[in-house]
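Visitor: coords below, sequence missing:
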């Protein structure tokens, strides 16, 4: 039996409790959760990504543990996988619930691939043509942007395009043009966001970091390295994996790792909220819920929003 409700999206910054809310709402509306997390797609990256499959209980989940750590995965691949997962959820008669904090993945799911609109820069391309892949990769890493963690850098051609997009984003105010939705479930998505006061968000992030370290984050990174995942890949994945590798390689002491990682996660959460505000400017309406409320009240608020369109 096909459901009669359009796609529900639950988003929020790291440590906001978005997965818990998404699962609780999915239980209420006969839903299945489609993850929009750029690192939870990888098997073996559990503690550092906050992956807890037990949290889903009986709620079906999609796009978690679909790739081996170290494999290439990028936003275009996610878009394809998301559409396949959406078809499967719809066919099962359940309500699709997209959940995550990777802004580009959420944007790709709801609006297509906006960075395809970034114009070609012929002069830049000419200057890059003589460089080999290692030189291009070095230049790409020297120009980080919101697009960097999700870029496909598997070939010289794709690296040049990734540099082109990153440089454009650093130099220009970019506003995506909404792509026509090919699926009726995407034409008018219902989005619920979790918002926290900055000081509470920061406290949660710091507390969670120490929990992850106590749960064996460094051992997880050691295991990934022992399995043959290149250190360069873990550095590229950023945050917990980047700083853990730097500590294990002797570049950072343990206190330095903790302090720098804590700061980096705070900065990441701030960038997430900036990206969500940009989504609103691009025409996506986000219904914000107070993340300081007890989870039961968050679920009630979410259900009240859902009832307005059912």
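Guide: Received, thanks. All values derive from a computational prediction rather than experimental measurement.

Visitor: any idea how far residue 189 is from residue 96?
Guide: From residue 189 over to residue 96 the distance is 10 Å, taken as C-beta to C-beta, to the nearest Å. C-beta coordinates here come from the backbone N, C-alpha and C atoms, glycine included.

Visitor: actually residue 29, not the one I typed
Guide: 10 Å.

Visitor: Skipping adjacent residues, who's closest to the residue most central in space within the chain in space?
Guide: Relative to the mean C-alpha position of the chain, the nearest C-alpha, by C-alpha atoms, centre = their mean, is the one of residue 102, at 2.1 Å. Excluding its sequence neighbours, the residue lying closest to residue 102 (C-beta to C-beta, 6 or more residues apart in numbering) is residue 38, at 4.4 Å.

Visitor: For residue 189 and residue 96, list the residues in contact with both.
Guide: Residues touching both residue 189 and residue 96 (C-beta atoms under 8 Å, 6 or more residues apart in numbering): 7, 8.

Visitor: Looking at the two, which has the bigger crowd around it?
Guide: Between residue 189 and residue 96, residue 96 has the larger neighbour count (other C-beta atoms under 10 Å), namely 29 against 20.

Visitor: Leaving out chain neighbours, which residue sits closest to that one?
Guide: Leaving aside its sequence neighbours, residue 96 sits nearest to residue 89 (C-beta to C-beta, 6+ apart; 4.3 Å).

Visitor: what's the answer for residue 158, then?
Guide: In space, residue 158 is closest to residue 152, 4.7 Å off (C-beta to C-beta, 6+ apart).

Visitor: And the one you found, how far from residue 10?
Guide: Per C-beta to C-beta, residue 152 is found 27 Å from residue 10.

Visitor: who has more neighbours, the two?
Guide: For residue 152 versus residue 10, neighbours defined as other C-beta under 10 Å are more numerous around residue 10 (30 against 16).

Visitor: and the more buried one, which of the three is it?
Guide: Here residue 10 is strand, with the state taken from DSSP: H, G, I helix; E, B strand; the rest coil.

Visitor: That one and residue 20 touch, don't they?
Guide: No: look at residue 10 against residue 20 with C-beta atoms under 8 Å: they stay out of range, at 9.7 Å.

Visitor: Go through stretch 105-121 and flag the buried ones.
Guide: When burial is assessed from 16 or more other C-beta atoms under 10 Å, stretch 105-121 yields the following buried residues: 105, 106, 107, 108, 109, 110, 111, 112, 114, 115, 118, 121.

Visitor: Looking at those residues, which gets the smallest pLDDT?
Guide: Lowest pLDDT within the buried residues of stretch 105-121 is found at residue 114 (71).

Visitor: my read: it touches residue 107, true?
Guide: Yes: between residue 114 and residue 107 there is a contact under C-beta under 8 Å: 6.0 Å.

Visitor: Which residues are in contact with the residue lying closest to residue 222 once chain neighbours are set aside?
Guide: Closest residue to residue 222 apart from its sequence neighbours, by C-beta to C-beta, 6+ apart: residue 248 at 6.7 Å. Counting by C-beta under 8 Å, 6+ apart, residue 248 makes contact with 218, 221, 222, 225.

Visitor: Which pLDDT value goes with the closest residue in space to residue 24 that isn't next to it in sequence?
Guide: Spatial nearest neighbour of residue 24, chain neighbours left out: residue 299 (4.7 Å); criterion: C-beta to C-beta, 6+ apart. In the prediction, the pLDDT value recorded for residue 299 is 98.

Visitor: Make sure residue 299 is actually in contact with residue 20.
Guide: No: the criterion here is C-beta under 8 Å, and residue 299 misses it with residue 20 at 9.4 Å.

Visitor: Could you list which of the buried residues of stretch 105-121 belong to helices?
Guide: Counting by DSSP state H, the part of these found in helices is 105, 106, 107, 108, 109, 110, 111.

Visitor: which one among these gets closest to residue 285?
Guide: residue 110 (11.2 Å; C-beta to C-beta).

Visitor: ok, residue 202 - how many residues close by?
Guide: 17.

Visitor: Can you give me the distance of it to residue 304?
Guide: In terms of C-beta to C-beta, residue 202 sits 29 Å off from residue 304.

Visitor: and if you look at residue 98?
Guide: Where residue 304 is concerned, residue 98 sits at a distance of 20 Å (C-beta to C-beta).

Visitor: which one of those two has more residues nearby?
Guide: residue 98 (28 against 11).

Visitor: element containing that one?
Guide: Using DSSP states H and E, the element containing residue 98 is strand 95-100.

Visitor: Which residue ranges of the stretch 151-300 of the chain form strands?
Guide: 190-195, 286-290 (DSSP state E, counting those that start in this stretch).

Visitor: Since that was my last question, I'll sign off now.
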